[in-house]
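Colleague: coordinates only, no sequence provided:
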């Protein structure tokens, strides 16, 4: 055995983020069917602290309006209400990709008509956990694709759409 002194370097334990079972998220959102862009506000309640969870979301937006005198599929205003099953792909670390599938309704108000259509959605989100002790604060970017299903006959021109947003989520 050697008489040389031994040096040990103590590694700090990896930072473990607090994962709250319930989080409220809020942020700006943008909707498009390719005819224009509608701007609004998104609100969500996220449930679960593990890899699999759920989310209830509502987004209220201005529609794409009229383009060259023609009413766009989303008209003057849109309400987007969905429930989703979420999958947090990387449970550990500061950056989390999240994938979600869901369904809900899209309420569209136009000058000529208004009504509700059923929608199916898929969402991709990239979230960053803020390194704050004993807090679950996440900042995220969202991209949602939606396909319209059955609904009001007058809204048959509402087919597919994209919903984009940024959010801040705070856990309890």
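Modeller: Great, that's in hand. Every value quoted in this text rests on a predicted model; they were computed, and no experiment measured them. Residues are numbered from 1 along each chain as shown.
Colleague: ramachandran coordinates for residue 159?
Modeller: Taking degrees, to the nearest 10, you get phi -120, psi -80 for the backbone angles of residue 159.
Colleague: grab the nearest non-local neighbour of it.
Modeller: Using Cβ to Cβ, 6 or more residues apart in numbering and skipping the chain neighbours, the partner closest in space to residue 159 is residue 148 (5.6 Å). (Glycine included, C-beta is placed from N, CA and C.)
Colleague: that neighbour: which element?
Modeller: Assigned by DSSP states H and E, residue 148 falls within strand 137-151.
Colleague: which residues sit against that strand?
Modeller: By Cβ atoms under 8 Å, 6 or more residues apart in numbering, the surrounding residues in contact with strand 137-151 are 23, 25, 29, 42, 80, 96, 98, 105-106, 115-130, 155, 158-171.
Colleague: how near is the residue positioned nearest the centre of the chain to residue 117?
Modeller: The centre of the chain sits closest to residue 142, judged by Cα atoms, centre = their mean, with a distance of 4.7 Å. Distance of residue 142 to residue 117, given as Cβ to Cβ, to the nearest Å: 21 Å.
Colleague: swap in residue 65?
Modeller: For residue 65, the distance to residue 117 under the criterion Cβ to Cβ works out to 19 Å.
Colleague: give me the sheet partners of the helix or strand of the chain with the lowest mean pLDDT and which way each runs.
Modeller: Of all the helices and strands that make up the chain, strand 66-67 has the lowest average by mean pLDDT, DSSP states H and E, namely a mean of 86. Using DSSP bridges, the neighbouring strands of strand 66-67 in the sheet come out as strand 70-71 (antiparallel).
Colleague: can you list the buried residues in the helix or strand following the partner strand?
Modeller: Using DSSP H and E, the next helix or strand after strand 70-71 towards the C-terminus is strand 77-88. Of the residues in strand 77-88, those scored as buried under the neighbour-count criterion (16 or more other Cβ atoms under 10 Å) are 77-80, 82, 84, 86, 88.
Colleague: how near is residue 9 to residue 26?
Modeller: Taken as Cβ to Cβ, the span from residue 9 to residue 26 is 43 Å.
Colleague: with residue 34 instead?
Modeller: Residue 34 sits 27 Å away from residue 26 when distances are taken as Cβ to Cβ.
Colleague: equivalent analysis for residue 72, please.
Modeller: For residue 72, the distance to residue 26 (Cβ to Cβ) stands at 26 Å.
Colleague: so the two - more neighbours on which side?
Modeller: Neighbour totals were compared for residue 72 and residue 26, and residue 72 leads with 21 against 12 (other Cβ atoms under 10 Å).
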